[in-house]
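1. what would the 3D arrangement of this be:
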Amino acid sequence: MSDWKPQDASSSDMLVRSMSYIKPLAGGFGPKQTKCELKDETDHVNFDDYVSMLTTTRTPDVPSGGAFSVKTRTCLMWAGANSTRVLVTTKVEWTGRSFIKGAPP
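-> Numbers count the residues shown, from 1 in each chain. Next comes the predicted model:
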């Protein structure tokens, strides 16, 4: 896991880090494990308002793993005096052809 660092020189509040790990896979066919590559980026940081972070996950070693990434957005906001509301959304972003998705439109 890398340290958090500024995304660019003009924005010291917006940070980025990367990490990777090996994930075992349970299945009768295909690889027994895969490397997961994650990139975390802060989108909005205002502790009086909300904090939003985008995590991009890639698994390039699995079949068609280079054709997509999973984007997960995590938003933290106040839900009261002593509580936090957490909203997590996710989507698959296709970047190439895959037997899973088929040909691009």
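
2. any idea how far the spatially most distant residue from the centre of the chain is from Asp8?
-> Most distant residue from the mean C-alpha position of the chain: Ala81, 29.5 Å away (Cα atoms, centre = their mean). Ala81 sits at a distance of 36 Å from Asp8 (criterion: Cβ to Cβ, to the nearest Å). For glycine as for every other residue, the C-beta is placed from the backbone atoms N, C-alpha and C.

3. low pLDDT regions in this protein?
-> For the chain, applying pLDDT under 70 flags the ranges 10-11, 97-105.

4. and the helices in it?
-> Counting by DSSP state H, the chain has no helices at all.

5. in it, which spans are strands?
-> Using DSSP state E, the strands of the chain run over residues 5-8, 11-24, 33-46, 50-58, 68-80, 83-94.

6. turn those strands into a markdown table, including mean neighbour count.
-> A markdown table is the format used below for these (neighbours: other Cβ atoms under 10 Å):
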| stretch | mean neighbour count |
| --- | --- |
| strand 5-8 | 11 |
| strand 11-24 | 12 |
| strand 33-46 | 15 |
| strand 50-58 | 16 |
| strand 68-80 | 14 |
| strand 83-94 | 10 |
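
7. so how far is Met14 from the residue farthest from the centre of the chain?
-> 28 Å.

8. what does Glu37 give?
-> Distance from Glu37 to Met14, counting by Cβ to Cβ: 20 Å.

9. now swap in Asp8 and tell me
-> From Asp8 across to Met14, the span is 8 Å (Cβ to Cβ).
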